[in-house]
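# model the structure of this input:
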Amino acid sequence: MVILTGAGGVGKTRLGLDIAADIDEAVVVPLTVVDRAEHVCQAVASTLGLRMTGEVHPTDIAAALEDRSLFLMLD
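Okay, the predicted model is just below:
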């Protein structure tokens, strides 16, 4: 896991997208439409096309992805 931090406008998103462009399986989850922190897991599951019912937890996503190798960018 890598976390990019910094002030707005310094290029965090651009760097992440540049890295994603060079990776076979890369998924970018836009969080600008997520209005509450507890909806982040649902946004990730939706973007990944995971079919999950009820409340989605980080462990659910981890279990669904355990056999995959991908670059997952939350932005």
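
# return the residues in contact with Thr5.
The neighbours of Thr5, taking CB atoms under 8 Å, 6 or more residues apart in numbering as the test, are Lys12. Heads up, the C-betas are built off the backbone N, CA and C, glycines and all.

# any stretches of the protein with poor pLDDT?
For the chain, no stretch is flagged by pLDDT under 70.

# which residues of it fall in helices?
12-21, 40-48, 58-65 (DSSP state H).

# relative to helix 58-65, how tilted is the second one?
Put simply, helix 40-48 runs at 20 degrees to helix 58-65, going by axes from the mean of the first three to the mean of the last three CA atoms, to 10 degrees.

# pairing partners for Ala26 in the sheet, please.
Counting by DSSP bridges, Ala26 is bridged to Phe71.

# show me what contacts it?
Ile19, Ala20, Leu70, Phe71, Leu72, Met73.

# returning to what we had before: output the helices of the chain in CSV; the columns should cover distance to Met1 and mean neighbour count.
Compiled in CSV, those are given as follows (distance: least, CB to CB, whole Å; neighbours: other CB atoms under 10 Å):
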stretch, distance to Met1, mean neighbour count
helix 12-21, 13, 14
helix 40-48, 14, 17
helix 58-65, 12, 13
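
# re earlier: nearest to Thr47, of the contacts of Ala26?
Leu72 (9.1 Å; CB to CB).

# list the contacts of stretch 63-72.
Contacts of stretch 63-72 (CB under 8 Å, 6+ apart): Ile19, Ala20, Ile23, Glu25, Ala26, Val27, Val29, Val44, Ala45, Leu48, Leu50, Met52.

# for that stretch, measure first residue to last.
Criterion CA to CA, to the nearest Å; first-to-last residue distance in stretch 63-72 is 15 Å.

# buried residues, that stretch. List them.
Ala64, Phe71, Leu72 (16 or more other CB atoms under 10 Å).
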